[in-house]
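Chemist: Build me a structure from this.
(one chain, ligands or ions: 1)
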Amino acid sequence: MTRRAQVVAVGTALPERRLTNADLEKMVDTNDEWIVSRTGIRERRVVEPGTPLSALAAPAAEECLRKAGVSAADIDGIICATITGDHVMPATANLVQDRIGATKAWAYDIANACNGFVAALATASAFVSSGGADRILVIGGDVMSSVVDYTDRNTCILFGDGAGAVLVEAGEGDNGIRGFKLGSDGSFGKLLSIPCSGSAMRPSDEAVAAGAHFLKQEGREVFQHAVRRMSQVATQLLEKLNLKADAIDLLVPHQANRRIIEPTARRLGLPMDKVVINIANVANTTGGTIPLALASAEADGRLTTGTRVMLVAFGGGFAWGACYLTWGRG
Ligand code: UT7
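Modeler: Model (predicted):
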């Protein structure tokens, strides 16, 4: 029997508060028609200012464990993919470990921006398939409202807050993770960055006054790379696994822009009914997009045990990745 890393359940947490396009019209020079036609986004959820990521990550983890029928005490490890953790130190995964009572679990964060969830899943998969762990919680989430400049119409319309978690568990059936393909190109780092967020720039009064602690993006350039890389990495993974696009029941892409997702699906030759798009109501939650999209596909009946799923993401770094898996236990 082959030991596999199976993805057996997903849980999510979203803030209550909705920030609609109409709300943004009152804050910056924008309008609902522009935002919907250029991005597909209608509203995003945002936390009350000061609410940390762990306040979403812990309930998402708990919902995931409840659905999986697994106790927190039986988890071996927790990986949280985020760029807006509660702090640089301690890691948000450590705080979740304490909050949910995962007493025997190690815990750490992974910072890989919009590709963070795929990167964290790759790490968990390597642990579980090699016998290094039996159960790992992989959390992806961000409180993007803590780094978004709500006076910058180029970026403030795009992002929301939210978190999701999946349980990666050792199993010996047919389902499970079949492969990954990851990539990066650091030469484009400046096109999507938070300049004052680490040792390169200290949080001086000047830096904050200049807004260097906010996310900056060269949207048009990032857009072009995203379309190319997302379809390319998914195609490369199919080739590596010796599969054709008809082996994909469900494409679950990072949700940055509907106009990135549609050409990605087209280039893969997938009809849109095989593609999960939930960007209209939750926008781009960075580390949270893929688990939130998995949960929405499960809720509408498209993700069940045995569904063959391609996850694909692209974002800051640049960093990108794809994962092919068959959902559930068994
Ligand atoms: O998740 C991480 C990866 N991130 C992404 O993948 C995001 C990639 N980029 C994008 O999704 C798109 O580039 C945006 C949604 C950010 C922008 O869409 P676009 O079609 O690339 O628009 P643009 O930047 O070329 O701007 C077109 C026009 C500009 O006006 P001019 O120069 O043509 O007069 C902008 O100033 O639209 C203007 N504009 C807006 N107008 C109304 C930019 N933002 C807004 C706005 N409302 N919010």
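
Chemist: give me every residue that touches the closest residue to residue 289 other than its chain neighbours.
Modeler: Leaving out its chain neighbours, the residue that sits closest to residue 289 by CB to CB, 6 or more residues apart in numbering is residue 255, at 4.2 Å. Just so you know, the C-beta spots here come from the backbone N, C-alpha and C atoms, and that holds for glycine as well. Shown in contact with residue 255 (CB atoms under 8 Å, 6 or more residues apart in numbering): 261, 277-279, 282-285, 289, 292-293.

Chemist: Over to residue 212?
Modeler: Per CB under 8 Å, 6+ apart, neighbours of residue 212: 195-196, 201.

Chemist: Secondary structure class of it, three-state.
Modeler: Assigned by DSSP: H, G, I helix; E, B strand; the rest coil, the conformation of residue 212 is coil.

Chemist: Please read off the pLDDT at it from the model.
Modeler: On the pLDDT scale, residue 212 is placed at 98.

Chemist: Show me how the protein divides into domains.
Modeler: 4-173, 178-326 (automatic domain parsing).

Chemist: most packed of the ones you listed?
Modeler: Among these, domain 4-173 has the highest mean neighbour count (mean count of other CB atoms under 10 Å), at a mean of 21.

Chemist: How far does that one stretch from one end to the other?
Modeler: Counting by CA to CA, to the nearest Å, you get 8 Å between the two ends of domain 4-173.

Chemist: Could I get the average pLDDT for that domain?
Modeler: Computed over domain 4-173, the average pLDDT equals 98.

Chemist: and if you look at stretch 287-300?
Modeler: Average pLDDT, stretch 287-300: 98.

Chemist: That one close to the ligand?
Modeler: No - Stretch 287-300 lies apart from the ligand when judged by CB under 6 Å from any ligand atom; the minimum separation is 7.9 Å.

Chemist: Please confirm that the residue nearest to residue 289 is located within a helix.
Modeler: No - secondary structure of residue 255 (three-state DSSP): coil, not part of a helix.

Chemist: For whichever residue of the chain sits closest to the ligand, which residues are in contact?
Modeler: In the chain, the residue that lies nearest the ligand is residue 219 (2.9 Å; CB to the nearest ligand atom). With contacts defined as CB under 8 Å, 6+ apart, the neighbours of residue 219 are 154-155.

Chemist: Ok, residue 173 next?
Modeler: Counting by CB under 8 Å, 6+ apart, residue 173 makes contact with 4, 6, 329-330.

Chemist: do that again at 6 Å, thanks
Modeler: The contact partners of residue 173, by CB atoms under 6 Å, 6 or more residues apart in numbering, come to residue 330.
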